[in-house]
Each structure stands twice: as C-alpha cells, then as structure tokens.
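Asks: Any chance you could fold what I've pasted below:
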Amino acid sequence: MSGQRPRPSGPRGPSRAAAPGFLRAAPLGPLSALLALVLAAALSLAFLFGDLGALPFGRTSGGDGGGGGGGGAADHTPNPSVVYTPPPVARPGYKGTILFVKAGDIWAIDSTAVRRLTSDANDSSPSWSPDGSTIYYVQTRSKHGPAVYQGVAQNYDLEYPVIMRRPSVGGGSAAVVRNGLYSTGGGHYWFSWNLQPELSPDAETLAMVSNADAPNGGNVVLSLMPAAGGTVTTPNLPSYTALGHSDPAWNPKGTAIAFTYQARAASDPSLAAPRIALYAVSTKRYRFLTGPGYGRPSWSPDGQWIAAESVENGRGRDVVILDASSGAEVARLTNDGQSFAPVWSPDGSWIAFLHVDGISIDLELVQLGPGKPFAVIKTWRLTTDSQLDGPSGLAWWTPASDLPTEPTTPAATPTPTPAPTASPSSDLGGSPTPTP
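Replies: Numbering: from 1, shown residues only. Below is the predicted model of the structure:
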C-alpha cells in the first residue's frame, strides 16, 4: 500500500506525533473516533494564527549540551535544530525548568540556558516526575506488517504511540513504559492509543488518555496505569461521541484529576465546546467544573486555582485563571486570541504558555503580582520564531530547595461566583453532583 501519511494535531503533541496510530493509505473506519478528535483539535488550533511582529532575540543551537545566547535578528529562517531565545541578561529570573517540544524533539529551558533532551523527531507530550529526575513522554513508532482491517489482512504502515521515560539529565537511556502495538494473532498487529502521560504527585500512577480497553474503536478517555507500566484502567466517565477526553492534570495532593471533556457546540456541531471536568480518584466521582468554553487545565501549587484556555470560537484562545472550587473565571491573563496551553510554575509566581506569532508558535511567560486578582506584572518572551509544536504543550519542574515553604499565589483575595456547598466526602469541591 502507498500514499501520503496523515499528519494530524492532537490536544497535547506535535503534528507528526500527537495522534499516532494511523494506517497509511488505508480507510480509517476503525479509527474514526480518534480521527474526529484529531480533526477537531486541528481545526480549533487553526484560528489561533495571526500576524504579530517579532522582537530581536539570541539563538541557541540544538544539541544535548546546548546553551548560550547572543545578538540576533527577528527574521530567522526556520531550523528544526535551533531554538531562538533572548540572551541570558534579558531572561526573567524564574525558578525551575520548562519542557517544550520543537520538531518532535523535547527541549528544556531555564533562566540561563536551553538544551535539547531528545533527538528522535517523533516525541511529544513531555511531563516531569515529582522529583525532576525523570521525564515521561510519547514517542511515535512505525511498523510495516500485516493487519486485519474490515476482515481483510493486508500489509500496512502502522504508526503507533509508545509511552517512554528517560532521565532528565545525564546519559541514561530511555525505557518503554507502555507499547501501543500488540499482536492480534496469526502474525497480525494492531495498536491502542496511549497519550498525554502525567505522573501523580506520589509517583505511583500515570494518568493519560487511552482507548486500551477498546482499541478497535473506543473513545480516547481518561485512564490510569501504574507508573512502571501494567494494566490500564478506565474510570466510568461520560464522553462525547467520537471526541473523548484530553489534558489530564493531577491536583497537588494527588486526590483529583482535572481533564478536558471534548464536545461540540449545540448551536453548531462544527465548533468546539470543551469543558473542564474533575475526577476524584478515591471516590470515583466526577463533576464538571465549567460550562462549555474552557480546556487544558493546569493547577496552581496550592490547589486553589486552575490556569486554563478560554475557547471562544471565531475569536481564538486566551489564558485565564479559574476558581478550582466554583469554576468561576477570576482573571484573564491574555486578550489576543492567540495564547494557549498554560502551565503554572511550582512556586506559584508565574504562568508559562504558548503564543501564536505570525506563522510561529513560541513560549511566553507571565509574572503574576498583587492588586486585582492575579494582576500581570510583565509578560516575557522566552523564544521567538522557533516554531514550537503547539499541541504538545508545556511542563514545569522546580527543585524543592527553590520553592516556598508553603505553596502560595501572589494574588489578592478574588471574589468569584460563590461555590456550591461541597459534600464532606468529596475530593472535588463545589457540587458533588455530576452534570453531563
């Protein structure tokens, strides 16, 4: 079989690797559920692109030892092995290291240097272990071989996801945590989706989105797996037909997981209408935190707030802060319609996010300050013209020695919509009654 390989975009992963698992040149009937999710994600990102000017920054070359800055021009020629950053003197003094993805490779940036961690060109969705020693991510692999499709066995190029882990520093090798490819007998193969791995604060459990319990067409939904690998379990949660869930994020105590419930607008099925939902791990209960229009949650280190995308169809996406109990929007950090994928710093003082600038996606950083709830002191650019892989998102880790004794956020007390009375046994806050 021959033909062009599809290059989809998913909720968190580069276009080439965010949603692996396609059959080249084959009808995608068994994959229609995920294909719909992929197309919806691609369309929802498409309207982000605008035409804003760039600022002069330095450049940092790729390579496992990278670092350094210097003078540079704004009009860079795209290069998959180069990330353009401001010189160290112009970088904000934030604590910790942020992971991002460019051209299918995972990079790490701190306040003084940037370095490339992988060079496979097929990696996506990086996340940290709590102690910062390990990163988890998804790697897309290919296998040419026989698979049974609609009752007929033929040779296909199977492109499938593998959850990996590797040391964040040093020369240690990567290890497979879960391989999406499996044998169906008779020399035939198939695969399951296992995407967006996020390790729990106690380092025992991986949250992800997966269809491992129904790999021949089940929705890709919130799932759990031991950190060392093993059986994937799927909580009994609702999902919109053919769209599923994305963006799992543990709260700081490890008692609940926020995730994006992907859906379509009732008024126009061609428009996205995501909602943020919360799942309590011990009680197995869930509730919707928000109505339509919010996704990609990231918890504040004190667990009281959630940074998220505000999705306004036709007007792009912006970074907002929500009350983690009521879901009320208490602050809007951007208003350009081109900002997305926020991640909260472990010390509570910053929020990093991705920003569309012309044809490029770059990394920016908001410094939070007092005053009105979560006032913005300054917005910094950490890269420019670097064409980062937007769907892969970001991950942030800071050593315990650089964290405050008590997790705090530098905002005045906000006055969001009052939260409903919570059940004493609920880990979810707000109303314990789920609302589909």
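Asks: And the nearest residue to residue 254 once chain neighbours are set aside, how far from residue 245?
Replies: Closest residue to residue 254 apart from its sequence neighbours, by C-beta to C-beta, 6 or more residues apart in numbering: residue 201 at 4.1 Å. The way it works is simple: take the backbone N, C-alpha and C, and place the C-beta from them, glycine included. From residue 201 across to residue 245, the span is 20 Å (C-beta to C-beta, to the nearest Å).
Asks: do the same with residue 329
Replies: 22 Å.
Asks: neighbour-wise, which of the two wins?
Replies: residue 245 (29 against 19; other C-beta atoms under 10 Å).
Asks: What distance do you get for that one to residue 127?
Replies: 16 Å.
Asks: All the strands of the stretch 301-436 of the chain, residue numbers only.
Replies: 305-312, 316-323, 329-332, 339-344, 350-357, 360-369, 375-381, 395-397 (DSSP state E, counting those that start in this stretch).
Asks: buried residues in the last one?
Replies: Within strand 395-397, the residues that count as buried by 16 or more other C-beta atoms under 10 Å are 395-397.
Asks: ok, it: who's next to it in the sheet?
Replies: strand 97-102 (antiparallel) (DSSP bridges).
Asks: isn't residue 264 right next to residue 275, touching?
Replies: No: assessed by C-beta atoms under 8 Å, residue 264 is found out of contact with residue 275, at 11.4 Å.
Asks: Look at these two and report which has more neighbours.
Replies: Counted by other C-beta under 10 Å, residue 264 and residue 275 do not tie: residue 275 has more neighbours, with 22 against 19.
Asks: so that one makes contact with residue 294?
Replies: Yes: the pair residue 275 / residue 294 is scored as a contact, 6.5 Å apart, by C-beta under 8 Å.
Asks: so where's this structure shaky on pLDDT?
Replies: Low-confidence segments of the chain, defined by pLDDT under 70, span residues 1-78, 371-372, 406-427, 430-436.
Asks: and with 50 instead?
Replies: Along the chain, segments meeting pLDDT under 50 span 1-59, 61-74, 412-425, 432-436.
Asks: Now do the helices in it.
Replies: 32-46 (DSSP state H).
Asks: Near residue 151, how many other residues are there?
Replies: Count around residue 151 with other C-beta under 10 Å applied: 5.
Asks: Make 402 the starting number, not 1.
Replies: Fine by me, first position is 402 from now on; the one you just mentioned is residue 552.
Asks: From residue 560, how far out is it?
Replies: 22 Å.
Asks: Please state the offset of stretch 516-534 from the chain centre?
Replies: From the chain centre to the centre of stretch 516-534 is a distance of 13 Å (C-alpha atoms, centre = their mean, to the nearest Å).
Asks: List the buried residues in it.
Replies: For stretch 516-534, by 16+ other C-beta under 10 Å, it's 516-519, 523-531, 533.
Asks: thinking again about what came up before, distance to residue 588 added to the strands of the stretch 702-837 of the chain, as JSON lines?
Replies: Shown next, in JSON lines, are the strands of the stretch 702-837 of the chain (distance: least, C-beta to C-beta, whole Å):
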{"stretch": "strand 706-713", "distance to residue 588": "44"}
{"stretch": "strand 717-724", "distance to residue 588": "45"}
{"stretch": "strand 730-733", "distance to residue 588": "54"}
{"stretch": "strand 740-745", "distance to residue 588": "41"}
{"stretch": "strand 751-758", "distance to residue 588": "43"}
{"stretch": "strand 761-770", "distance to residue 588": "42"}
{"stretch": "strand 776-782", "distance to residue 588": "52"}
{"stretch": "strand 796-798", "distance to residue 588": "39"}
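Asks: Among these, which comes closest to residue 483?
Replies: strand 761-770 (12.5 Å; C-beta to C-beta).
Asks: just the angle between that closest one and strand 717-724, please?
Replies: 30 degrees (axes from the mean of the first three to the mean of the last three C-alpha atoms, to 10 degrees).
Asks: Tell me the helices and strands packed up against strand 761-770.
Replies: Applying 3 or more C-beta pairs under 8 Å, 6 or more residues apart in numbering; DSSP states H and E, we find strand 761-770 packed against strand 751-758, strand 776-782.
Asks: Would you tell me which of those gets closest to residue 490?
Replies: strand 776-782 (12.8 Å).
Asks: For that closest one, name the packing helices and strands.
Replies: Using 3+ C-beta pairs under 8 Å, 6+ apart, strand 776-782 is in contact with strand 761-770.
Asks: looking at it, residue 539 is touching residue 526, isn't it?
Replies: Yes: between residue 539 and residue 526 there is a contact under C-beta under 8 Å: 4.8 Å.
Asks: and the buried residues of stretch 516-534 as a markdown table, adding distance to residue 716?
Replies: Listed next are the buried residues of stretch 516-534 as a markdown table, based on distance: C-beta to C-beta, whole Å:
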| residue | distance to residue 716 |
| --- | --- |
| 516 | 36 |
| 517 | 35 |
| 518 | 35 |
| 519 | 35 |
| 523 | 33 |
| 524 | 32 |
| 525 | 27 |
| 526 | 27 |
| 527 | 29 |
| 528 | 30 |
| 529 | 33 |
| 530 | 37 |
| 531 | 37 |
| 533 | 37 |
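Asks: Would you check which pair of the residues you listed lies furthest apart?
Replies: 523 and 531 (26.2 Å).
Asks: Can you tell me who residue 543 pairs with across the strands?
Replies: Beta-bridge partners, per DSSP bridges, of residue 543: residue 560.
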